[in-house]
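> Sequence first, predicted model second:
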Amino acid sequence: MKRKIYWILTAFLFVISCREQATDTTQKKIATGVLAKNGVVVTAHPLATQVGIDILKKGGNAFDAAIAVQYALAVVLPKAGNIGGGGFLVYRKSDGETGSLDFREKAPSAANKDMYLDGEGNPISDLSKRGHLAAGVPGTVAGMDETYAKFGSLPFKQLMQPSIDLADQGFLLTEYDASLLNRFQDAFKEVNNGSIYLNKETPFAESDSIYHKDLAKTLSLIRDNRRDGFYKGETALLIEKEMQKGGGIITQEDLANYEATWRAPIEVNFKDGYKIISMPPSSSGGVALAQLMLGSANYDFKAMGLNTAKSIHVMTELQRRVYADRATHLGDMDFYDVPLAMLLDDTYLSERYGTISLDSATSSQEIKAGEVTTIESFETTHFSIVDKEGNAVSVTTTLNSYFGCKVLVEGAGFFLNNEMDDFSVKPGVPNQFGLVGAEANAIQPGKRMLSSMTPTIVEKEGKLFMVVGTPGGSTIITNVYQVILNVVEHGLPIQEAVNAKKIHSQWLPDQIIVEKGINSLTLDTLRTIGHEIREIEQIGRIEAILVREDGMLEGAADITRTGDATAMGY
Ligand code: GLY
C-alpha cells in the first residue's frame, strides 16, 4: 500500500513539475545588470553607490570605496546604514588572499543574561527592541578604522568628505526615503521623549531636501580623529548622556574598549570548482550557508528546475536542519566553543541530511522542539564592490530594525541599534525574526549577539566569480544561498538570479515563506506533501556582482523589490 502511495505521489510530482516548467518557459525577457570593465559598486541607495564609484575613479581601491560607502549610507539611508550599529566585511584581494572583519556590536559591560526578563522570568515586551536598553555597543566606526588601517590607500579624509558633504549640504529624498521617515514619525517621538529633527508637521515627500547637521559634525570628528572621534571625547560623552536619559547602560568605557576583530572566513568547496567564502561567527551566516551548500552538492537542482515543488521541498528540508543547528550551536566564538568542525563535517552532515525524503516534509518538531509563530521583520543593508585590480569587498551592516532602537543620540545626530534583540533573551523564546537560541547565544557582558548577515564571495576555479549579500534578518542566509544556486546550478544570468522569486524556511516556525508570484500549482503540491505555506510580498534585496566569462563585471542591484538599490560601474 505504502509503495502504491509512493508511486502515485511521485507521478503526481512529475506531472506537476512538467506543468510548472511549461509555465516558466513563457518568461522570456532576460534582464541584464550594469556592465563595466574597471569597477562596480552596488548598494541600496544611488547616492551611496555614486560615492563609491567616485572613490574608485579617483584611484581608491575596493576597501577605500567600502569605507566611503559605509559612511555615506549612514547619511542617506539612516534606517539601516549607520555609525550606531555594526556589521561584517568579507574580502578577497586580487592576489587571492581572503579574510573577514567582525564589527558586530557587543553587549555593554553592565549587561546580564536576564536583563530583558520580568520577576517571573518572562521577556518584557519590546525591552530588547525599542529604546535605550536595546542598544549594543556600536562597532561600525571601529570596523571602518580597522579596514582603513589594513587596506586603505587614499587619504582617510578623502573617504569621509563625501558623507560629511551629504549630511551638511543636504540631498533630495527618494520616494522610498520619504515613505520610511513618514512611517516612523510616531516611533521617533515616543522613544525620544518628544520630537526630534526628523519629525515634521507635514509628511516628507520625494525630492524634499534633507540636512543632517549634527551627524555632519560627528562625521567630521571621525574624519579628524579616526575612531577616537566616535569612541572617545564629545561623541562618547553624548552617547553616555543619551543612555542616562532613557535607562540605557552603554558607558564611555564600553565605547573606548570596543575593538573590531579579524577572523578567518568560512570556506567550503561546492561541486565543480566553486568555493564559497563567507562570514564566521558571530554571524551564523557563513556556517549556515556552508552547510546548505554542502547539503546541496548531493542534489541536481538544474534537473529539479527553478522554484519547482521538488527544488523548494529539498531546499526547505536542508534549511530546517541548518536552522535547528543555528539555534543550538551558534554564538560568539570569543565566548562560546562553537563546534565549527563538527557542523561542517561530511559524516555529521550526511547523517543530518540522510533523513530527508523527497516525498514528504519532515516536521520541525521531530528535528528539535521549540515554539515560534511568526517572523515579523526584514531589515539591514548590504553592498558589494569590485575594483579594477579585482579586489572584492562584501559588506552587510545593520541597526537591526528600521532606525534601530529609534533612539537618536541628541547632539550627535545618529540612531542607535537594537541589536541586543539578536541575543537569545530567554532560551526557546523567538526574537523579532522568529529565531530561537540557546546558551550559545545567551547575553554576557562584552559578547556579540548572533547574526544572520551573510556577506559572501564565490570563487570559480580559483578566480573571483561572485560578490553577494542582502538585508532580510533571518532570510538573509537562504536568499544568498538561492542566488548562488540560481547562477551555479540553474545557470541564470546574475540579474535574473537576483530578480527570481525566493522562498525561506528556518526550522521554526515550521512553514515555508514564499514570495508572491511563485506558481500556485507548485504551492498546492508543497501543501500536499505536508508543508505549510505563507506568502509574503518580498524577501530580501540582494546586491551582487558577477565576473563574467568575458572578464566584464556585472553589477546586479535588486531593482524588482521595494527600495532604491543601484548598481554603477565604470
Ligand atoms: N540584525 C539582523 C542580523 O544581524 O541578522
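Right, received. Where do you want to start?

> Next to the ligand, which bits of the chain? Give me the list.
For the chain, the contact set with the ligand under CB under 6 Å from any ligand atom comprises Thr380, Thr398, Asn400, Asp422, Ser451, Ser452, Met453, Gly473. Glycine gets a C-beta too; all of them are placed from N, C-alpha and C.

> how about those in a markdown table, adding neighbour count, secondary structure and pLDDT?
Shown next, in a markdown table, are the residues of the chain next to the ligand (neighbours: other CB atoms under 10 Å; DSSP: H, G, I helix; E, B strand; the rest coil; pLDDT from 0 to 100):
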| residue | neighbour count | secondary structure | pLDDT |
| --- | --- | --- | --- |
| Thr380 | 30 | coil | 93 |
| Thr398 | 30 | strand | 97 |
| Asn400 | 33 | coil | 96 |
| Asp422 | 29 | helix | 93 |
| Ser451 | 29 | strand | 96 |
| Ser452 | 29 | coil | 95 |
| Met453 | 33 | coil | 97 |
| Gly473 | 27 | coil | 90 |
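
> Out of those residues, which comes closest to Glu240?
Nearest to Glu240 among the residues of the chain next to the ligand is Asn400, at 20.9 Å by CB to CB.

> Contact partners for that closest one?
Asn400 sits next to Gly85, Glu379, Thr380, Asn417, Asn418, Glu419, Asp421, Asp422, Gln432 when contact means CB atoms under 8 Å, 6 or more residues apart in numbering.

> Okay, helices next: where are they in the stretch 401-550 of the chain?
475-488, 494-499, 520-528 (DSSP state H, counting those that start in this stretch).

> Now the first one - C-alpha only, PDB.
Coordinates of the C-alpha atoms in helix 475-488 are reproduced here as PDB (Å, rounded to 0.1, in the frame of the first residue of the first chain):
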ATOM      1  CA  THR A 475      16.000  35.300   5.500                       C
ATOM      2  CA  ILE A 476      19.500  36.600   4.600                       C
ATOM      3  CA  ILE A 477      21.200  33.200   4.600                       C
ATOM      4  CA  THR A 478      18.600  31.400   2.500                       C
ATOM      5  CA  ASN A 479      18.400  34.300   0.000                       C
ATOM      6  CA  VAL A 480      22.200  34.400  -0.600                       C
ATOM      7  CA  TYR A 481      22.000  30.600  -0.900                       C
ATOM      8  CA  GLN A 482      19.400  30.700  -3.600                       C
ATOM      9  CA  VAL A 483      21.200  33.400  -5.600                       C
ATOM     10  CA  ILE A 484      24.300  31.200  -5.700                       C
ATOM     11  CA  LEU A 485      22.200  28.200  -6.700                       C
ATOM     12  CA  ASN A 486      20.400  30.200  -9.300                       C
ATOM     13  CA  VAL A 487      23.600  31.100 -11.000                       C
ATOM     14  CA  VAL A 488      25.700  28.000 -10.400                       C
END
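
> Buried residues of that helix, list them for me.
Using 16 or more other CB atoms under 10 Å as the test for burial, helix 475-488 gives 475-488.

> One more: stretch 347-362?
Using 16+ other CB under 10 Å as the test for burial, stretch 347-362 gives Leu349, Arg352, Tyr353, Ile356, Ala361, Thr362.

> Check those residues against Ala187 and report the nearest one.
Ranked by distance to Ala187 (CB to CB), those are led by Ala361 at 38.0 Å.

> Now do the closest one against Gln482, distance only.
Separation of Ala361 from Gln482 (CB to CB, to the nearest Å) stands at 19 Å.

> just to revisit the earlier point, how about the contacts of Asn400, which pair is most distant?
Within these, two members stand farthest from each other by CB to CB: Gly85 and Gln432, at 15.0 Å.

> For these two, work out which one has more neighbours and name it.
Counted by other CB atoms under 10 Å, Gly85 and Gln432 do not tie: Gly85 has more neighbours, with 29 against 21.

> How much space separates the more buried one from Asp564?
19 Å.

> Serialize the buried residues of stretch 347-362 to a markdown table and add fields for secondary structure and pLDDT.
A markdown table is the format used below for the buried residues of stretch 347-362 (DSSP: H, G, I helix; E, B strand; the rest coil; pLDDT from 0 to 100):
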| residue | secondary structure | pLDDT |
| --- | --- | --- |
| Leu349 | helix | 94 |
| Arg352 | helix | 90 |
| Tyr353 | helix | 93 |
| Ile356 | coil | 94 |
| Ala361 | coil | 91 |
| Thr362 | coil | 87 |
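
> and after the helix or strand of the chain with the lowest mean pLDDT, which helix or strand comes next?
Here the helix or strand of the chain ranked lowest by mean pLDDT, DSSP states H and E is helix 2-24, holding a mean of 44. Remark: after helix 2-24, the chain's next helix or strand is strand 34-36, criterion DSSP states H and E.

> Just the mean pLDDT for that next one, thanks.
Averaged over strand 34-36, pLDDT sits at 98.

> and whatever helix or strand comes next after that strand, average pLDDT?
Next helix or strand after strand 34-36 toward the C-terminus (DSSP H and E): strand 40-43. Strand 40-43 comes out with an average pLDDT of 98.

> which residues touch strand 40-43?
Residues from elsewhere that reach strand 40-43, judged by CB under 8 Å, 6+ apart: 34, 49, 52-53, 56, 65, 69, 73, 381, 383-386, 543-545, 553-557, 565-569.

> So which of these belong to helices?
Members of the contacts of strand 40-43 lying in helices (criterion: DSSP state H): Thr49, Gly52, Ile53, Leu56, Ala65, Val69, Leu73.

> ok, back up a step: max pairwise distance over the buried residues of stretch 347-362: which two?
Leu349 and Ala361 (19.6 Å).

> and Lys79, what does it touch?
Neighbouring residues of Lys79 by CB under 8 Å, 6+ apart: Leu180, Phe184, Glu379, Leu399, Tyr402, Phe403.

> Distance check, the closest residue to the ligand within the stretch 151-300 of the chain against Arg263.
The stretch 151-300 of the chain approaches the ligand most closely through Ser283 (7.0 Å), counting by CB to the nearest ligand atom. Per CB to CB, Ser283 is found 10 Å from Arg263.

> Check Lys113 too.
Lys113 sits 24 Å away from Arg263, going by CB to CB.

> likewise Ser207?
Ser207 sits 43 Å away from Arg263, going by CB to CB.

> nearest to Asp272, of the buried residues of stretch 347-362?
Distance ranking of these against Asp272, using CB to CB, places Leu349 first at 19.3 Å.

> give me every residue that touches the closest one.
Gln291, Leu294, Gly295.

> neighbour count winner among Ser207 and Arg263?
Per other CB under 10 Å, whichever of Ser207 and Arg263 has more neighbours is Arg263, with 20 against 10.

> on that earlier part again, tabulate the contacts of Asn400 in CSV, adding columns for distance to Ser128.
Below are the contacts of Asn400 laid out as CSV (distance: CB to CB, whole Å):
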residue, distance to Ser128
Gly85, 15
Glu379, 15
Thr380, 17
Asn417, 11
Asn418, 7
Glu419, 9
Asp421, 4
Asp422, 9
Gln432, 9
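
> ok, of those residues, which one's closest to Leu526?
Nearest to Leu526 among the contacts of Asn400, with distances taken as CB to CB, is Gln432, at 26.1 Å.

> Quick check, the residue in the stretch 251-400 of the chain closest to the ligand?
Per CB to the nearest ligand atom, Asn400 is where the stretch 251-400 of the chain lies closest to the ligand, at 4.0 Å.

> State the distance from that residue to Lys241.
For Asn400, the distance to Lys241 (CB to CB) stands at 22 Å.
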